[in-house]
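Novice: Got a predicted model here, sequence first, then my questions.
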Amino acid sequence: MKTFTRETKSNGVFSSTASHIAILDSQGEIVTVNEPWKRFAEENGCTDSRFFVGRNYLDICYNAQENEETAGRVYSALQSILQGKTTDFSIEYPCHSPGVERWFVMHIHGIEIEAQRMAIVSHEEITTYRNSLHTTNVRYEHLIQSLPDTIYTFDLIERRITSINRSIFLGYTLEELIILGSITDKIHPDDIGFVTTQWNHL
């Protein structure tokens, strides 16, 4: 657990960062938010004059999880952090507005302020980053597809091919190769020990 004083909260990263930040008490209630949080709320039609200060973040996530998978994951992670079982959590999520697709990353950090277990919740927009990453991936796929050699990516944990620049490889389709453990099933029994050893060294 990091230790923060109220002076740190008001004069340090809390006030200088561009991220939208809320500080929660040990029960999950929002006790304060920073100026970027307030500006974002205003720009997106927030009618709460206190910008959600006083509302319980855990309750908000709990009530939303039935229709939103991300909310359920955040609820569980925040609960664990406030209970001191874990210290950090991050997740990317969409927050689209009419006509505009936006992506954010949420970070939750367990802290201590004046000996009380609390949490800092921050939201940062990563739309530009995701768009750039998508463009890079598209260019990469076009390059790979144009090469004469067979090139594939392989998941060492799940023992399966995740992408390949051929419709058929060694007589198998991509649909057959992406199945969990598919490669292991296709290795000759006499070779499986050697191949597994090599995988474990990677």
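Specialist: Received it, and whenever you're ready, just let me know what you need.
Novice: list the buried ones in stretch 114-129?
Specialist: Residues 117-126 are the ones in stretch 114-129 that count as buried (16 or more other Cβ atoms under 10 Å). (Glycine included, C-beta is placed from N, CA and C.)
Novice: Need these in JSON lines (columns: pLDDT).
Specialist: Formatted as JSON lines, the buried residues of stretch 114-129 follow (pLDDT from 0 to 100):
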{"residue": "117", "pLDDT": "94"}
{"residue": "118", "pLDDT": "96"}
{"residue": "119", "pLDDT": "96"}
{"residue": "120", "pLDDT": "95"}
{"residue": "121", "pLDDT": "97"}
{"residue": "122", "pLDDT": "96"}
{"residue": "123", "pLDDT": "96"}
{"residue": "124", "pLDDT": "95"}
{"residue": "125", "pLDDT": "93"}
{"residue": "126", "pLDDT": "93"}
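Novice: By mean pLDDT, point me to the weakest helix or strand of this structure.
Specialist: Taking mean pLDDT, DSSP states H and E as the measure, the chain has strand 2-4 as its least confident helix or strand, at a mean of 47.
Novice: quick one on the thing from earlier: go through the buried residues of stretch 114-129 and flag which are in strands.
Specialist: 117-125 (DSSP state E).
Novice: okay if I get those residues as JSON lines plus distance to residue 176?
Specialist: Formatted as JSON lines, these follow (distance: Cβ to Cβ, whole Å):
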{"residue": "117", "distance to residue 176": "50"}
{"residue": "118", "distance to residue 176": "51"}
{"residue": "119", "distance to residue 176": "45"}
{"residue": "120", "distance to residue 176": "46"}
{"residue": "121", "distance to residue 176": "43"}
{"residue": "122", "distance to residue 176": "43"}
{"residue": "123", "distance to residue 176": "41"}
{"residue": "124", "distance to residue 176": "40"}
{"residue": "125", "distance to residue 176": "40"}
